[in-house]
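Participant: build me a structure from this.
(4 chains)
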There are 2 protein chains.
Amino acid sequence: MAESLSINGIDDSPRGRLLSAAAHLFRDKGFDRTTVRDIAASVGIQSGSIFHHFKTKEDILYAVMEEVIHFNTERLRQAVASHDTGKDQLRALIRAELQSIVGDTAEAMTVMVTEWRCLSADKQARALKLRGIYEQLWLDVLSDLHQQGAFTTDPFIMRRLLTGMTGWAPHWFDRDGPLSLDDLANIMLARVIGESAP
Amino acid sequence: MAESLSINGIDDSPRGRLLSAAAHLFRDKGFDRTTVRDIAASVGIQSGSIFHHFKTKEDILYAVMEEVIHFNTERLRQAVASHDTGKDQLRALIRAELQSIVGDTAEAMTVMVTEWRCLSADKQARALKLRGIYEQLWLDVLSDLHQQGAFTTDPFIMRRLLTGMTGWAPHWFDRDGPLSLDDLANIMLARVIGESAP
DNA sequence: AGCTACCAAGCAAGCGCTTGGTTTGTAAAG
DNA sequence: CTTTACAAACCAAGCGCTTGCTTGGTAGCT
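Facilitator: Residues are numbered from 1 along each chain as shown, chains lettered A, B, ... in the order given. Here you go, the predicted model:
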């Protein structure tokens, strides 16, 4: 019964506590190496009791992803809405995604990237649809900047490069190190629009 | 007994054919979801016969990684050696890593990134040592460029950003699409040293 | 009474791996 | 040219264990 911190955007109902615990375990050991007995033990119930809340183990994984996509899409939306210029909006998007990915929803976001293929085909399709909304927010901002001449590379490709940069951050970024998330966001921003005055 | 193309740097001995088949399966289904029966079937032998060549299933994974690191470290070395200026060397490094990651060793390289945690701690340490040589080649070139003033960001951080960009490429890059690997390498190069004349 | 949340026990399937023996290729000994 | 020797490569069968999930029942709250 090792207690685990809850993830932002997930409530603390019995179901929510299971989701947070599962996300932690999925990130640390992977979906396949995490047993339902592991998840049950980390919230202090019997393994069979899990299936009162979820039909299958895979449903747990999908629920984790669904919750974290919804939560972070909303965060992205607010990031765009609270800035005027394309440059500031892009900086805010990068900052928000970094916050998602190494901050308060890190476990669930990492799981979404690394355990994607553990979803069945139809659940992948459903999750992909949710993720499409998330990606469109990026593409809108990037396309604007591109049309303004802020960079020449195709916006779709630029988004892919940014996805790689932010997605790799959990493998090396140290939240207690000298580099802040704001610093890192600015460094990544400069990869897109060049190193001009902040 | 679905035949699978061999991976560059792996011979076609019985052992080598097992490694190539395993790399394919590990990439497509993941290490844990690939059974020794799957691997055996794809080269046309019985599952038990695998253990004449490898002590454990995990040893197969490690062997895949070891071979691909050695092969690609050598490729990186030649990339550096065959160019004079820092800029050209960096472009060659990016191009070589892209070739590794979406080209002739794609399966094995992808496996090394995505199935890393399936290795035991001591095997991780051994593989990490091999990977250190590979990374040093990058850092030497990046540090040179940094000292020449080609970019201001810390070379270590820059390498992490590049790792993310190249590492994500398998998720979207289409080898039959309009964008060539040389094009992509130049786009990534511009993320480091800015968009000057080629 | 009825609902949510849970327990205790266990089943069927699939897993990595072992075992004892057989085939196949090669090469020196007669 | 045959015989003997031996190792590499593989087969057929299955063992012991773990896994996701089921079942029938109970405690507590409203």
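Participant: enumerate the residues of chain A near DNA strand C.
Facilitator: Within chain A, the residues that sit near DNA strand C (Cβ under 7 Å from any atom of the strand) are A:S13, A:P14, A:R15, A:A40, A:G44, A:I45, A:Q46, A:S47, A:G48, A:S49, A:H52, A:H53. Where you see a C-beta, it was placed from the backbone N, CA and C, and this is true even at glycine.
Participant: quick one: the strand or helix carrying the fourth one near DNA strand D?
Facilitator: The reference is to A:A40. Secondary structure assignment for A:A40, by DSSP states H and E: helix A:36-43. Yes. Using Cβ under 7 Å from any atom of the strand, helix A:36-43 reaches DNA strand D at A:V36, A:R37.
Participant: in that helix, what's buried?
Facilitator: A:V36, A:D38, A:I39, A:A40, A:A41, A:S42, A:V43 (16 or more other Cβ atoms under 10 Å in any protein chain shown).
Participant: surely the first one meets A:K57?
Facilitator: I take that to be A:V36. Yes. The pair A:V36 / A:K57 is scored as a contact, 5.6 Å apart, by Cβ atoms under 8 Å.
Participant: next SSE downstream of the lengthiest helix in chain A?
Facilitator: Ranked by residue count and defined by DSSP state H, the top helix of chain A is helix A:121-147. Moving toward the C-terminus from helix A:121-147, the next helix or strand (DSSP H and E) is helix A:155-168.
Participant: how far out from the middle of the chain is the helix or strand following that next one?
Facilitator: Remark: after helix A:155-168, the chain's next helix or strand is helix A:181-193, criterion DSSP H and E. Mean-position distance between helix A:181-193 and its chain equals 18 Å (Cα atoms, centre = their mean, to the nearest Å).
Participant: check contacts around the spatially closest residue to A:D38 that is not a sequence neighbour.
Facilitator: In this structure, A:D38 finds its nearest non-sequential neighbour in A:L25, 5.5 Å apart by Cβ to Cβ, 6 or more residues apart in numbering or on different chains. Contacts of A:L25 were listed using Cβ atoms under 8 Å, 6 or more residues apart in numbering or on different chains, and they are A:T34, A:D38, A:I39, A:S42.
Participant: show the pLDDT at A:L25.
Facilitator: Per-residue pLDDT puts A:L25 at 97.
Participant: for chain A, which residues are neighbours of chain B?
Facilitator: Selection of chain A residues close to chain B by Cβ under 8 Å from any Cβ of the partner chain yields A:29-30, A:32-33, A:114, A:117-118, A:151-153, A:157, A:160-161, A:163-169, A:171-172, A:179, A:184, A:187-188, A:190-191, A:194-195.
Participant: for DNA strand D, what is the nearest residue in chain A?
Facilitator: Distances between chain A and DNA strand D by Cβ to the nearest atom of the strand are smallest at A:G48, namely 2.5 Å.
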